[in-house]
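Participant: sequence plus the predicted model coming up.
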Amino acid sequence: MKIKKGDTIEIISGKYKKNIGEVSSVLRNENKVTVKGFNIKVKHIKPQQKDEKGKIEKVEGPIHISNIKIKRD
């Protein structure tokens, strides 16, 4: 796998097809990458202490490398 953080890629299948983005992280063991601004998931976080409130965070979900291609300039 020759994809690394900071590469410009094009998504070739799925919900975000034909979009161009930048790789924010690479999960080599799972053959997946996360792309800045795409595949946003909602993560609910429970409070850890009694006086703390729970949170809802938006995180970028991974995309399999078979669904992307490197965009050459």
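Facilitator: Everything's here; your move.

Participant: Cys67 - how many residues pack around it?
Facilitator: No, residue 67 isn't Cys; it's Asn. 16 (other CB atoms under 10 Å). Placement of C-beta: from N, CA and C, glycine included.

Participant: surely Gln48 is in a strand?
Facilitator: No. Going by DSSP: H, G, I helix; E, B strand; the rest coil, the assignment for Gln48 is coil, not a strand.

Participant: that one: neighbour count?
Facilitator: For Gln48, using other CB under 10 Å, the count is 7.

Participant: kindly report the same for Tyr16.
Facilitator: Counted with other CB under 10 Å, Tyr16 comes out at 18.

Participant: and for Pro62?
Facilitator: If we define neighbours as other CB under 10 Å, then Pro62 has 16 of them.

Participant: roughly how far does it sit from Thr34?
Facilitator: Pro62 is 5 Å from Thr34, where distance means CB to CB, to the nearest Å.
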